[in-house]
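[1] Give the three-dimensional model of this entry:
(chains A and B)
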Amino acid sequence: DTGVSQNPRHKITKRGQNVTFRCDPISEHNRLYWYRQTLGQGPEFLTYFQNEAQLEKSRLLSDRFSAERPKGSFSTLEIQRTEQGDSAMYLCASSWGRASGDAETQYFGPGTRLLVL
Amino acid sequence: SQKIEQNSEALNIQEGKTATLTCNYTNYSPAYLQWYRQDPGRGPVFLLLIRENEKEKRKERLKVTFDTTLKQSLFHITASQPADSATYLCALLPFTGTASKLTFGTGTRLQVTL
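    Below is the predicted model:
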């Protein structure tokens, strides 16, 4: 078990460009979450997958953002037509969620830091 | 609107003392409350979970209390060490049955000095 990994760790892009981030969760985990964190703030929920199904999206996730988890394993988060306000740390977390609904521990990756110039 | 407040000012304490961090919330009825540690440039690391029907939870030098009447959680680190220096985040969870969508506070930075 190597933990949650995210690539790239850092990304600098120009306004208007598209970017894509990848998250590899812990292999046996069925749930995968994306969060965004800006400086001095706590992470904010963006979206979550149970296996390959995207079950919830935050209002923060504008139509420029899209996330996929095609085979229920790794996930990608794409931002189209980036804006300077998209600059943030994008965090991925995974967990093993039980049907009972009891809270599970989320394991976070190191994050991808995005800077939009 | 839902609000989670943690002291935004850094907490500076001397090694060996007990650090106490506060998490207050309003307009929220969480079923669970979690505490995470975050080091600069890294993702949060889970420390402790406490349920709404639990008053206190301990793990080694860590202790968490949860008062649903006061809408407050306290996080204690006893015999603090410089290695405990980090930002500590509280996160609330509703009981949804399908997802554990975390709502985080802003975090409190702890600095333990020799």
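[2] Number of residues surrounding the nearest residue to A:Phe108 once chain neighbours are set aside?
    Closest residue to A:Phe108 apart from its sequence neighbours, by Cβ to Cβ, 6 or more residues apart in numbering or on different chains: B:Gly43 at 3.3 Å. All C-beta atoms are positioned from the backbone trio N, CA, C, and that covers glycine. Per other Cβ atoms under 10 Å in any protein chain shown, the neighbour tally for B:Gly43 reads 23.
[3] For chain B, which segments count as helices?
    Assigned by DSSP state H, the helices in chain B number zero.
[4] what residues are up against the residue nearest to A:Phe108?
    B:Gly43 is in contact with A:4, A:91, A:93, A:108-111, counting by Cβ atoms under 8 Å, 6 or more residues apart in numbering or on different chains.
[5] So which of those residues are in helices?
    Going by DSSP H, the helices hold none of those.
[6] Which pair in those has the greatest spatial separation?
    Using Cβ to Cβ, the two most remote members of these are A:Ala93 and A:Pro110, lying 11.3 Å apart.
[7] quick one: which of the contacts of B:Gly43 sit in strands?
    The strands, defined by DSSP state E, take in A:91, A:93, A:108 from the contacts of B:Gly43.
[8] right, and out of these, which lies closest to chain B?
    Nearest to chain B among those is A:Phe108, at 3.3 Å by Cβ to the nearest Cβ.
[9] which residues touch the nearest residue to A:Glu104 once chain neighbours are set aside?
    Once flanking residues are discounted, A:Glu104 sits nearest to A:Ser95: 4.4 Å by Cβ to Cβ, 6+ apart. By Cβ under 8 Å, 6+ apart, A:Ser95 lies in contact with A:29-31, A:33, A:104-107, B:100.
[10] who's A:Ser95 bridged to?
    In this structure, A:Ser95 bridges to A:Arg31 when assessed by DSSP bridges.
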